[in-house]
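Student: using only what follows, build the 3D model:
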Amino acid sequence: MERILAKDLSSHLNKKVLVRGWLNNLRTLGKISFLLLRDGTGLTQVVIENPAQLAKISSLQPGSILSIHGEAVPSSSQFKVEIVQPTITVENAIHEIPILEYNKPEIPSDLEHILDHRPIALRNRQIQAVFKIQAEITHAFRLYMHDKIKAVEYFAPNLIGASSEGGAEFFNVDYFGHQATLAQSSQLYKQIMVGVNERVFALMPFFRAEPSHTTRHLSEGKQFEFEMGFFTHWHEILDIQEGCIKAIVQYLHTHCQRELEVLGHPLIKAPLDIPFPRLTFKEAQELYFQRTGIDERNEPDLSPAAERELCKWALEQHGTDLLFVIDWKTEKRPFYAFPMENNPELTNTFDLLCAGTEITSGGQRRHTYASMLEGIRMKGMDPACFTDYLSIFKYGMPEHGGFGMGLERVTMTMLRLKNIREASLFPSDTKRIAGNRIKAHIFFGGENIRNEIMRRCHEKKISFKHIVHQDSTTSEESSKARGSNPEEGIKALILRGKNSKKNYQFNIPAHLKLDMKAVADIVGEKCEFEDPAVIKERFGLIIGGVPPFGNLLNLDNYFDENILTRETAIYNCGLVSESIQMRSKDLADLTEPKWGLFSKS
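Tutor: Got it, this is the predicted structure:
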């Protein structure tokens, strides 16, 4: 019998069917049990009344592979169809409990824990929906560029001999004894291809060595590229960009209703009949000032807060989540940006803002040899590093321009995700390579952490006193066990953001309390204390033994300024029975924390 997928069951009502997939979860209500079977298209509900069939699966864990013969019938449940009178075959029995609850509608864990177990977490329906939509975004982009714009797809190299945009934020590679870099973009190559095919597009990897920890930056990602020649006005690039975004959004509405429903219909607003507003950079800064009273009119860039406020304005006044900011200052644009003819301090360039975040940069490029040499030298770069690229301008290039937009950032903004890592299958950043934590900089377990603290003290020739005492799990117990002054003690607290689920470490004098309102102001969200069981699982630490070394745990580490009012500091060093005493200033040097006032009496 041919296998039927979950999405196609409604076409086989009142017929015998065969379904195969993963056991998602099993729920028993009296004499009736309900099995949810997951396949690549969704969930199938199976009603089990036969005790012999139930016995086959009652001891199995999620992930077990099953094949089920039964009859597909209409259902009043959310699935509309269910299978009754099943005959179950266990193809691969799994008895190990999953490391995280991916079979729930939303995984009840923070993003860091989810990323730590990414291969299994991807089986969650919400996460699965994000990447199905991302695949359709890519397909819609290709359809628009190929069918509507008549552009030709190209495939550029990722290993190159020089940085594609200048600057120092690129990864060096030893290439048979020669220095190469990983491409920041395929910008130079798509300009080369304009001289071949006039209109070109690509989906290319990018690599950026920026030590950024923000929610919208990655070290590796994919970028949509477009470039065109022979336009009447450079704003034609904006027209194509706008048409592209609208085409993608409409395509998702048509082809991804199932996935959007799983995610709660978060898609941005980009109505076909509403043009994206277009503001000059100067107008954007003035508008932000008028709406908020915050004066950034002399800044060379828009702040994240300004981007959010401008998008809020676009939605309120125009009914769209997107707007263009054009005519950027030359100092903030790459060497190939075309200077405005009547004002060379500005460029014919743009950013596209979407739901509070910049998703695209683009514009007109310099197109003569002399102009390109000027641009390269203005940015302090060597034209000798761009020989192949410069050759195209010696032999004729039309007026041209284009844009690039990151696939992960587009996915994040279109689906209103909180962190770009949610839109990357296996994200690379300063903490991870292809989703895997960089183990060398993270320590697990009390003894390992204690040893590392002491090693760093010896390495930096910092004097300290190691104290062994009775087990103590509170600040009061620790002070008594050590025979120390409570004011010298450090209370190390691990918190969890209520929205982001991200962990933070806050360290305050042991005799004071944490001011949660001040904490929320500093990190930008309300927080709560992390579950002790989670702390034990994730860091190998027991409450009371947590040291003020968030940097060893890969956590944002905050120190209350009151800590420095005491000459010495004493703290549990990873174990509830051991402490370390040292100068407060030395502790600050070792931990390199962020400072603030967030304690109270």
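Student: helices of the stretch 1-150 of the chain, start to end?
Tutor: Secondary structure of the stretch 1-150 of the chain (DSSP state H, counting those that start in this stretch): helices at 51-57, 111-116, 118-121, 125-143.
Student: average pLDDT across the third one?
Tutor: Going back to what we said before, that points to helix 118-121. Averaging pLDDT along helix 118-121 gives 95.
Student: list the contacts of it.
Tutor: Here helix 118-121 makes contact (CB atoms under 8 Å, 6 or more residues apart in numbering) with P98, I99, L100, Y102, I107, I114, L115, I127, L425, F426, G435. C-betas here are computed from N, CA, C, even on glycine.
Student: 10 Å - rerun?
Tutor: By CB atoms under 10 Å, 6 or more residues apart in numbering, the residues outside helix 118-121 that reach it are 62-63, 98-102, 107, 109, 111, 113-115, 127-128, 421, 424-427, 432, 434-436.
Student: over to the second one?
Tutor: Outside helix 111-116, the residues within contact range by CB under 10 Å, 6+ apart are 99-100, 102, 107, 109-110, 120-122, 124, 127, 215, 418-419, 421-422, 424, 426-427, 429, 431-432, 435-437, 497, 500-503, 534, 537-538, 554-555.
Student: chain center to it, what's the gap?
Tutor: Averaging C-alpha positions (CA atoms, centre = their mean, to the nearest Å) puts helix 111-116 11 Å from its chain's average.
Student: check which residues of it are buried.
Tutor: For helix 111-116, a neighbour-count test (16 or more other CB atoms under 10 Å) marks L111, E112, H113, I114, L115, D116 as buried.
Student: is it possible to export these to JSON lines including distance to W328?
Tutor: As requested, those are exported to JSON lines (distance: CB to CB, whole Å):
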{"residue": "L111", "distance to W328": "33"}
{"residue": "E112", "distance to W328": "35"}
{"residue": "H113", "distance to W328": "40"}
{"residue": "I114", "distance to W328": "37"}
{"residue": "L115", "distance to W328": "34"}
{"residue": "D116", "distance to W328": "39"}
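Student: which one of those residues sits closest to I160?
Tutor: Among those, L115 lies closest to I160 (CB to CB), at 29.3 Å.
Student: what pLDDT does the model give that closest one?
Tutor: So L115 comes in at 91 (pLDDT).
Student: sorry, back to before: from the contacts of helix 118-121, which ones fall inside strands?
Tutor: Per DSSP state E, strands hold the following members of the contacts of helix 118-121: R432, N436.
Student: pLDDT below threshold where in the chain?
Tutor: By pLDDT under 70, the weakly predicted segments of the chain are 162-168, 211-213, 439-442.
Student: and the strands in the stretch 151-300 of the chain, which stretches?
Tutor: In the stretch 151-300 of the chain, the segments counted as strands under DSSP state E, counting those that start in this stretch are 152-153, 159-160, 172-175, 178-182, 199-207, 220-229, 278-280.
Student: so what angle separates the directions of the fifth one and strand 178-182?
Tutor: Going back to what we said before, that points to strand 199-207. Put simply, strand 199-207 runs at 110 degrees to strand 178-182, going by axes from the mean of the first three to the mean of the last three CA atoms, to 10 degrees.
Student: partners of strand 199-207, with directions?
Tutor: According to DSSP bridges, strand 199-207 forms sheet pairs with strand 152-153 (parallel), strand 220-229 (antiparallel).
Student: give me whichever of these is most buried.
Tutor: When you average the neighbours per residue for each of the strands paired with strand 199-207 (mean count of other CB atoms under 10 Å), strand 220-229 leads with a mean of 22.
Student: let's see it as PDB, backbone CA atoms only.
Tutor: Coordinates of each C-alpha in strand 220-229 appear next as PDB, following Å, rounded to 0.1, in the frame of the first residue of the first chain:
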ATOM      1  CA  GLU A 220      28.000  33.200   8.500                       C
ATOM      2  CA  GLY A 221      24.800  33.400   6.600                       C
ATOM      3  CA  LYS A 222      23.300  33.500   3.100                       C
ATOM      4  CA  GLN A 223      22.700  36.600   1.100                       C
ATOM      5  CA  PHE A 224      20.300  37.400  -1.700                       C
ATOM      6  CA  GLU A 225      22.100  39.400  -4.300                       C
ATOM      7  CA  PHE A 226      20.800  41.400  -7.300                       C
ATOM      8  CA  GLU A 227      22.500  43.800  -9.800                       C
ATOM      9  CA  MET A 228      21.300  45.500 -12.900                       C
ATOM     10  CA  GLY A 229      22.700  47.800 -15.600                       C
END
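Student: pull out the buried residues from the host helix or strand of E345.
Tutor: Element membership for E345, per DSSP states H and E: strand 343-347. By neighbour count on 16+ other CB under 10 Å, the buried set for strand 343-347 is L346, T347.
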